[in-house]
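In: When you get a sec, could you give me coordinates for this:
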Amino acid sequence: MNVEEAEKVLTEIFDDSAETYDCCETQVFEPLAEELVRRAEIKEGSRVLDLGTGTGIAAFKALEKVGPDGYVLGIDVAAGLLAVAEEKAKRKDAENIEFKRMSMSSMDLSADSFDRVIGNFSLCCSFYYERALGEAHRVLKPGGRLTYSHDGPSQNPLDTVFDAVYSKHKVKEPSERLGQTREADSLQATHWSRFKDPFAALDALEAAGFREREASISYPQWIFHEVEAYLDYRFTGGLSELELSEMGPRQRDKLRKRLIESLNPLSSKDGLVVRQEILHLSCQK
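Out: So this is what the prediction gives:
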């Protein structure tokens, strides 16, 4: 499988689960988007580009900062996700925000046209991480800033437990679609995982022409009051939802029971606390 094929496969998966993705991912990605926009220091009247906007979670946060005289553009390759974002914009009657289908690694946008470029867990979806950084540099105005975030180098202990159990119960004879999605997901991880290292990411930013490069790590927390709620979140949208759909009822029940048994010891009186390591990057053109 080549990169173009892999990107097409994963885009179709996001398109198919756009509505459920927006509903379940908001709990986690909305606070991350708020932090991203805070770090971006967006001024009133600014022009902001949101890379890999998805359903527009970060774009709408940026819209609150630019005010009526500013402008926000969200781009993504998944038409299904963009349709959800556009519907939100209609409900908000927001005229100075747009969403366009476009790859962050090849933007049909003029050079020097944005004051800020942001990305909320979107660069990790690009098969061309370094090319996307180069495009961000091109479309930024001189003095403009790029601010983005994605997973840091260390894995959450909950994810380690989840992955260990999950790997033992995966479908042994997947359909062609599931097999292709697994391959595409693995290829995507291969292309960007080295940039979880802050020093590798900073080197890539330097190579793209950015200056005043900064990297920091934070550890935000989310609380799921029941293990079952955490599992609902993990199995909604994307590859995991497709995996689950190909399991028989008995196999799904067995997997869920084993996950609950394995994760319950990690719960506290408040519930299951998810502590994620986030890498934040910011730089200037």
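In: Enumerate every residue touching the closest residue to Leu272 other than its chain neighbours.
Out: Take Leu272 and drop its neighbours on the chain: the residue closest to it by Cβ to Cβ, 6 or more residues apart in numbering is Phe224, 4.5 Å away. All C-beta spots, glycine's among them, are computed from the backbone N, C-alpha and C. By Cβ atoms under 8 Å, 6 or more residues apart in numbering, the contact list for Phe224 reads Tyr230, Tyr233, Gly271, Leu272, Val274.
In: can you check Lys100 too?
Out: With contacts taken as Cβ under 8 Å, 6+ apart, Lys100 has the following neighbours: Leu73, Gly74, Ile75, Leu82.
In: per-residue confidence for Arg275?
Out: Listed pLDDT for Arg275 reads 86.
In: Likewise for Lys100?
Out: Here the pLDDT value assigned to Lys100 is 96.
In: Same check on the one 3 residues further on?
Out: In the predicted model, Ser103 carries a pLDDT score of 94.
In: Likewise for Phe14?
Out: With respect to pLDDT, Phe14 scores 78.
In: quick one: which of the contacts of Lys100 has the most company?
Out: Within these, most neighbours by other Cβ atoms under 10 Å means Gly74, with 31 neighbours.
In: residues touching the closest residue to it other than its chain neighbours, list them.
Out: Leaving aside its sequence neighbours, Gly74 sits nearest to Thr53 (Cβ to Cβ, 6+ apart; 2.9 Å). Residues near Thr53 by Cβ under 8 Å, 6+ apart: Ala59, Gly74, Ile75, Asp76, Leu81, Leu82, Ala85, Phe99, Ser122.
In: Please work out how many residues are found near the first one.
Out: Taking other Cβ under 10 Å as the criterion, the count of residues near Ala59 is 29.
In: can you check the fourth one too?
Out: Applying the criterion other Cβ under 10 Å, we find 27 residues in the vicinity of Asp76.
In: Sketch out the low-pLDDT regions of the stretch 1-150 of the chain for me.
Out: The model of the stretch 1-150 of the chain has pLDDT under 70 over residues 18-27.
In: need the helices for it, in chain order.
Out: Assigned by DSSP state H, counting those that start in this stretch, the helices in the stretch 1-150 of the chain fall at 3-16, 18-40, 57-66, 79-92, 129-139.
In: So which of these is nearest Val48?
Out: helix 57-66 (4.5 Å; Cβ to Cβ).
In: gap between the closest one and the chain center?
Out: A distance of 16 Å separates the centroid of the chain from that of helix 57-66, by Cα atoms, centre = their mean, to the nearest Å.
In: so what secondary structure elements neighbour it?
Out: Here helix 57-66 is seen to pack against helix 18-40, strand 47-51, strand 71-76, helix 79-92, strand 97-101, strand 114-120 when contacts are counted using 3 or more Cβ pairs under 8 Å, 6 or more residues apart in numbering; DSSP states H and E.
In: Now that helix: buried residues?
Out: Across helix 57-66, burial judged by 16 or more other Cβ atoms under 10 Å covers Ile57, Ala58, Ala59, Phe60, Lys61, Ala62, Leu63, Lys65, Val66.
In: contacting residues around it?
Out: So helix 57-66 is in contact with 25-26, 29-30, 33-34, 36-37, 40, 42-48, 50, 53, 70, 72-74, 85, 88, 92, 94, 96-97, 99, 116, 118-120, going by Cβ under 8 Å, 6+ apart.
In: rerun that using 7 Å as the cut-off
Out: Residues outside helix 57-66 that contact it (Cβ atoms under 7 Å, 6 or more residues apart in numbering): 26, 29-30, 33-34, 36-37, 42, 44-46, 48, 50, 53, 72, 74, 85, 88, 94, 97, 118, 120.
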